[in-house]
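A.B. asks: Provided below are the primary sequence and the corresponding predicted coordinates.
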Amino acid sequence: MDALQWRLLPLLILLASFILFFYFQNSSTLNQKECSLLPFQHYWIASKRIVTPQGVISGLVEVKEGKIVSIVKDEDKDGKIELGNVLDYGEAVVMPGLIDVHAHLDDPGRTEWEGFPSGTKAAAAGGITTLVDMPLNSFPSTVSRETLELKLKAAESRIYVDVGFWGGLVPENAFNKSALEDLLRAGVLGLKSFMCPSGINDFPMTNSSHIKEGLSVLAKYRRPLLVHAEKQPDPETNLGVQDGSDDARSYLTYLKTRPPSWEQAAIKDLLALTKDTRIGAPAEGAHLHIVHLSDASSSLDLIKEAKSGGDSVTVETCPHYLAFSAEEVRDGDTRFKCSPPIRDAVNKEKLWKALIEGHLDMLSSDHSPTTPELKRLDDGDFLKAWGGISCLQFVLPVTWSYGQKYGVTLEQLALWWSERPAKLAGQKLKGAIAIGNYADIVVWNPDVDFDLDDDYPVYIKHPGISAYMGTKLSGKVSATFVRGNLVFKEGNHAPAACGVPILAK
Ligand SMILES: NC(=O)NC(NC(N)=O)C(=O)[O-]
Ligand SMILES: [Zn+2]
Ligand SMILES: [Zn+2]
């Protein structure tokens with residue numbers, strides 16, 4: 001009897017492994033099926049307007065198992081290739097998916113503000129295929145290996161596009177080299193810090209010495225430091241609001257509290273440190289990225305000067321600084337409150353000029369939502385309302401619509417929204433329609449207009465707090481592919497959230 005059992009054992013193990021193998025294979029193909037609205041993984045995307053780094057072409061992009069495996073121009077096509085499944089988008093634009101390097105998805109801990117599922121569904125619907133989540137507004141803030149692990153847990157099976165993570169540089173970890181290295185080794189794509197209060201208790205501001213330390217650690221990992229560059233020159237000077245006589249419902253009351261001199265003061269401090277990032281200098285390999293620049297006057301001149309001196313510096317602005325001006329913000333309309341603030345129309349024109357001339361490197365959403373209550377939509381108090389623009393789903397049509405006047409091209413959109421952000425985030429296989437890259441693609445119609453009204457399908461958690469609601473935009477997204485999965489098509493998302501968390505290695 002015993003002997004028989006022993007002889008049967010290997011057989012049983014073999015049988016069990018067969019069962020397990022087929023079970024897992026089946027469940028993973030089942031899952032894979034849910035990841036995409038397409039029933040196949042090898043196909044061709046055809047269009048008359050495919051935006052590649054070599055220009056706009058008419059032709060086909062071949063996608064296989066999540067990657068771009070060939071790109072063929074129409075004129076080179078004949079007879080050479082045998083086509084299988086072709087998705088023909090005609091005149092629609094086929095562009096690399098947008099990479100948003102600045103979004104606050106507030107997960108875990110403040111999911112009533114946004115959260116991974118709604119945020120990444122909105123991203124997919126807006127043509128964003130990768131976003132990098134900011135380390136603050138979630139709770140806890142992402143300032144250590146452990147807190148990054150909480151992020152990863154929160155993101156598991158809940159993200160519809162790829163998501164990377166910035167870590168926080170805060171006073172608590174800035175002088176603790178091993179803690180910072182631990183956070184970097186855990187996979188954050190870089191660090192982010194504030195030079196003024198962030199509005200979030202567990203994310204205190206840093207000073208120049210913290211930032212210098214941060215840059216020296218980042219140099220070794222060749223990852224960037226992103227900084228919210230606003231600094232109150234003298235904390236004692238209270239600007240305009242000390243006696244309570246100003247009308248808190250007036251936008252100008254808020255605007256006065258954060259003048260351009262705050263941006264200039266912060267940028268001056270930062271650029272005194274970036275000399276160290278030059279070739280041969282002590283922090284070579286580190287890089288400073290200034291987030292959401294609003295001031296287009298001397299802040300911009302300082303940045304231009306640093307760049308021409310060889311400092312490793314880039315700068316982003318956001319669509320709201322390009323779309324709106326202070327003059328247009330109505331009393332009590334706190335949807336427009338953000339920091340740094342939206343400035344006057346002359347400043348806006350200068351920002352556009354700088355963007356077109358190449359002095360601003362890229363765009364980001366700075367999607368920073370909250371609840372309607374904290375946005376104080378009821379009493380319209382600009383001084384008490386949460387600062388942040390909610391916009392994630394709309395950045396492509398907004399950039400396109402408001403950019404028409406300035407002759408913005410499709411190639412420029414791809415540069416500002418994909419190629420340069422991919423480089424900042426260290427994503428070599430993203431940011432361009434190129435052979436070998438991930439098939440992260442947006443298909444959209446520049447000529448289709450739509451009203452952003454209550455009937456429009458909006459996926460962000462609180463559409464009512466978005467400054468874009470009620471506007472008319474052109475440029476409608478019709479399909480979004482992430483790693484070859486069709487994750488969004490004409491108002492529908494793929495059933496499963498198969499976005500990948502992106503960790504630096
Ligand atoms: N805590 C925040 O999210 N702040 C954000 N708020 C804005 N931009 O108004 C930001 O990026 O600074
Ligand atoms: Zn900021
Ligand atoms: Zn932000």
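C.D. replies: Structure received. Ligands and ions are numbered 1, 2, ... in the order given.
A.B. asks: Helices along this protein, start to end?
C.D. replies: For the chain, applying DSSP state H gives helices covering 2-35, 116-125, 145-155, 171-174, 177-185, 208-221, 251-257, 260-273, 298-308, 319-323, 345-357, 395-403, 410-414, 420-424.
A.B. asks: what's the burial count for residue 455?
C.D. replies: Per other CB atoms under 10 Å, the neighbour tally for residue 455 reads 8. The C-beta positions use only the backbone N, C-alpha and C, and glycine is treated the same way.
A.B. asks: again, but for residue 345
C.D. replies: Residues near residue 345, counting by other CB under 10 Å, number 12.
A.B. asks: again with residue 409
C.D. replies: Applying other CB under 10 Å, we find 12 other residues in the vicinity of residue 409.
A.B. asks: Quick check on it: phi, psi?
C.D. replies: The phi and psi values for residue 409, taken as degrees, to the nearest 10, are phi -100, psi 170.
A.B. asks: List the contacts of residue 159.
C.D. replies: By CB atoms under 8 Å, 6 or more residues apart in numbering, the residues touching residue 159 are 116-117, 120, 497, 499-501.
A.B. asks: Over to residue 210?
C.D. replies: Contacts for residue 210 were tallied using CB under 8 Å, 6+ apart; they are 169-171, 174-175, 193.
A.B. asks: Could you check the pLDDT of the closest residue to ligand 3 within the chain?
C.D. replies: The chain approaches ligand 3 most closely through residue 366 (4.3 Å), counting by CB to the ion. In this model, residue 366 is scored at 99, pLDDT.
A.B. asks: Quickly note the distance from it to residue 450.
C.D. replies: Look at residue 366 and residue 450: by CB to CB, to the nearest Å, they are 23 Å apart.
A.B. asks: Please apply the same query to residue 144.
C.D. replies: From residue 144 to residue 450 the distance is 43 Å (CB to CB).
A.B. asks: Compare neighbour counts for those two and give me the winner.
C.D. replies: In this view residue 144 and residue 450 are compared by other CB under 10 Å, and residue 144 has more residues nearby, 21 against 15.
A.B. asks: can you pull the contacts of the more buried one?
C.D. replies: Listed by CB under 8 Å, 6+ apart, the contact set of residue 144 reads 173, 179, 182-183.
A.B. asks: By neighbours, which of these wins?
C.D. replies: residue 183 (26 neighbours).
A.B. asks: what sits against it?
C.D. replies: By CB under 8 Å, 6+ apart, residue 183 lies in contact with 143-145, 148, 167, 173, 191.
A.B. asks: Go again with 6 Å.
C.D. replies: Neighbour list for residue 183: 144-145, 167 [criterion: CB atoms under 6 Å, 6 or more residues apart in numbering].
A.B. asks: cool, and residue 354?
C.D. replies: 296, 300, 360.
A.B. asks: Kindly report the same for residue 368.
C.D. replies: 104, 388.
A.B. asks: What is the nearest of the contacts of residue 144 to residue 402?
C.D. replies: Proximity of these to residue 402 (CB to CB) peaks at residue 183, which lies at 37.2 Å.
A.B. asks: related to what we said a few turns ago, kindly indicate which of the contacts of residue 354 lies nearest residue 89.
C.D. replies: Taking CB to CB as the measure, residue 89 sits nearest to residue 360 out of these, at 30.2 Å.
A.B. asks: in stretch 46-61, what counts as buried?
C.D. replies: Residues of stretch 46-61 classed as buried: 46-52, 56-57, 59-61 (neighbour count, 16 or more other CB atoms under 10 Å).
A.B. asks: May I see the residues you listed arranged in CSV, with distance to ligand 3 and pLDDT as well?
C.D. replies: Converted to CSV, these look like this (distance: CB to the ion, whole Å; pLDDT from 0 to 100):
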residue, distance to ligand 3, pLDDT
46, 38, 98
47, 34, 98
48, 37, 98
49, 32, 98
50, 32, 99
51, 27, 99
52, 31, 98
56, 32, 98
57, 36, 98
59, 38, 98
60, 38, 97
61, 33, 98
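A.B. asks: Of those, just say which sits nearest to residue 112.
C.D. replies: residue 51 (37.6 Å).
A.B. asks: ok, the closest one touching residue 410?
C.D. replies: Yes - between residue 51 and residue 410 there is a contact under CB atoms under 6 Å: 5.0 Å.
A.B. asks: count of neighbours near residue 431?
C.D. replies: Residues contacting residue 431 under the criterion other CB under 10 Å number 28.
A.B. asks: ignore the last one, residue 279
C.D. replies: Per other CB under 10 Å, the neighbour tally for residue 279 reads 8.
A.B. asks: And the residue nearest to it when sequence neighbours are not counted, what's its pLDDT?
C.D. replies: Of all residues not flanking residue 279 in the chain, residue 310 sits nearest, at 6.7 Å (CB to CB, 6 or more residues apart in numbering). Here the pLDDT value assigned to residue 310 is 98.
A.B. asks: And for residue 310, the neighbour number?
C.D. replies: Neighbour count of residue 310, defined by other CB under 10 Å: 14.
A.B. asks: quick one: it from residue 224, how far?
C.D. replies: On the measure of CB to CB, residue 310 and residue 224 end up 16 Å apart.
A.B. asks: Please name the nearest non-neighbouring residue to residue 49.
C.D. replies: Nearest to residue 49 is residue 93, by CB to CB, 6+ apart, at 4.7 Å.
A.B. asks: Let's see the pLDDT reported for the one you found.
C.D. replies: 99.
A.B. asks: Who does it form a beta bridge with?
C.D. replies: In this entry, residue 93 is beta-bridged to residue 49, residue 444, by DSSP bridges.
A.B. asks: show me the residues around it that make contact.
C.D. replies: Residues near residue 93 by CB under 6 Å, 6+ apart: 49, 444, 446.
A.B. asks: center of the protein - which residue?
C.D. replies: In the chain, the residue lying closest to the centroid (CA atoms, centre = their mean) is residue 100, at 2.0 Å.
A.B. asks: residues near the closest residue to it other than its chain neighbours, how many?
C.D. replies: Leaving aside its sequence neighbours, residue 100 sits nearest to residue 131 (CB to CB, 6+ apart; 4.2 Å). Residues lying near residue 131 (other CB under 10 Å) number 30.
A.B. asks: what's the answer for residue 106, then?
C.D. replies: Counted with other CB under 10 Å, residue 106 comes out at 25.
A.B. asks: Phi and psi next, for the closest residue to it other than its chain neighbours.
C.D. replies: What sits nearest to residue 106 in space, not counting adjacent residues and going by CB to CB, 6+ apart, is residue 113, at 4.1 Å. With angles defined as degrees, to the nearest 10, residue 113 sits at phi -80, psi -40.
A.B. asks: For residue 113, give its distance to residue 48.
C.D. replies: Here residue 113 is placed at a distance of 41 Å from residue 48 (CB to CB).
A.B. asks: Check residue 265 too.
C.D. replies: Residue 265 sits 49 Å away from residue 48, going by CB to CB.
A.B. asks: what's the offset of stretch 341-352 from the middle of its chain?
C.D. replies: For stretch 341-352, the separation from the chain centroid amounts to 22 Å (computed by CA atoms, centre = their mean, to the nearest Å).
A.B. asks: For that stretch, the averaged confidence score.
C.D. replies: Averaging pLDDT along stretch 341-352 yields 98.
A.B. asks: Kindly report the same for stretch 414-427.
C.D. replies: Mean pLDDT, stretch 414-427: 99.
A.B. asks: distance between the ends of that stretch?
C.D. replies: 15 Å (CA to CA, to the nearest Å).
A.B. asks: who touches it?
C.D. replies: Outside stretch 414-427, the residues that touch it by CB under 6 Å, 6+ apart are 51, 95-96, 98-99, 101, 132, 164, 189, 224, 289, 361-363, 430-432.
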